[in-house]
Each structure stands twice: as C-alpha cells, then as structure tokens.
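>>> Can you look at this prediction? I've put the sequence above it.
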Amino acid sequence: MDPETMDARQMDARQMDARQMDARQLNTENEVRRIEAVRLRALVERDLVTADPLHAPDYQLVTPNGSVLGKDEYLGRVASRSLEHLAFEAITDVVARSSTTTVVLRYQARIALAVAHDVEEFVAWHTDLYELRDAAWVVVWSQATIVA
C-alpha cells in the first residue's frame, strides 16, 4: 500500500474515533442531565430513597449564603423539613463539560425554599460536579449563586 493511501486511512480512522468519542461524551452528558433532573425532583418530593444514592458520601453543597453542607446534614434537613424545597427546576439549558470520569453541569434554576416557616424564592446559577464512582454517576459538589 502506498504511503498516501495509508495516511488517508489513518486519518479516516482517527476521525471516526473522534466522532465515536464525541457521541459517547454527548450520551454521558445527557445521562447526567437526566440524573440531575431526577435528583431535583427527588429533593422537591423529599424522596430520599431516590436522592440519597445520587449524592456521593463526601457531597458538599455551597448555599447561596456561603454555608457549606455535607450530604448527611443537607439530606437530613430535607428529611426533617427544616429545609423544604418547594420548587427546584432548571429554567435555562443545562450546559455540560465532561471528561471520562467527570461531568460539570451549569444552569439557572428557579428555587423556592421553606426555611423555618419563611419562604424564599429566587433564581440562581447552579453548578454541579458529578463523578463516575463504582460505575454510577454521583454528584460530589453543588454550588448555588443568586442572580441579582
């Protein structure tokens, strides 16, 4: 086989590999977007059977006021209704950046919370870091920043 034909075949193979990788990456990002939607719904519905395994054991939430809550404290507050999600939904496209073992999601969300009988409603930028652990995607970090 002449060198030009070989180079063309190698380039075609690399392009196909890149397209396959892009398709896998898009599938992964869409799967994590779906998981995030399930997680938000579970938090609003206080469905901790669903929510718990979607959060890594070392999960941390940075709240809009700068507090940091670990998984147990956060989900414990949700369970006890001392922090009640009345609404938690993406209001913009959920954009994603990913590698083979991490996905970062960013979107604006409408959030309504009942805290100590006070209802707070706001729009926030929400960022989540997901990691692939033991063949499952789990959220490791979340941060919400109120949109002024």
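Thanks, I have the structure now.
>>> Please make it C-alpha for all contacts and neighbour counts, starting now.
Noted.
>>> chain center to stretch 102-122, what's the gap?
14 Å (CA atoms, centre = their mean, to the nearest Å).
>>> State the mean pLDDT of it.
Averaged over stretch 102-122, pLDDT sits at 94.
>>> Quick one: mean pLDDT over the helix or strand hosting Pro57.
Using DSSP states H and E, Pro57 sits within strand 55-62. Average pLDDT, strand 55-62: 98.
>>> what's the answer for stretch 74-94, then?
What stretch 74-94 shows for mean pLDDT is 96.
>>> Quick check: buried residues in stretch 64-80?
Leu69, Gly70, Lys71, Tyr74, Leu75, Val78 (16 or more other CA atoms under 10 Å).
>>> Now the second one. Nearest residue, chain neighbours left out?
So the one you mean is Gly70. Nearest residue to Gly70 in three dimensions, chain neighbours excluded: Gln60, at 4.6 Å (CA to CA, 6 or more residues apart in numbering).
>>> got the contact list for that neighbour?
By CA atoms under 8 Å, 6 or more residues apart in numbering, Gln60 lies in contact with Val68, Leu69, Gly70, Lys71, Val140, Trp141, Ser142.
>>> mind checking how far the second one is from Arg110?
Just to be clear, that refers to Leu69. 20 Å (CA to CA, to the nearest Å).
>>> now swap in Val78 and tell me
With CA to CA as the criterion, Val78 and Arg110 are 17 Å apart.
>>> got it, and Tyr130?
For Tyr130 relative to Arg110 (CA to CA), the value is 21 Å.
>>> out of those two, which sits in the busier spot?
Tyr130 (26 against 17; other CA atoms under 10 Å).
>>> what helix or strand does Leu26 sit in?
helix 3-44.
>>> Go through stretch 140-148 and flag the buried ones.
For stretch 140-148, burial by neighbour count (16+ other CA under 10 Å) applies to Val140, Trp141, Ser142, Gln143, Ala144, Thr145, Ile146.
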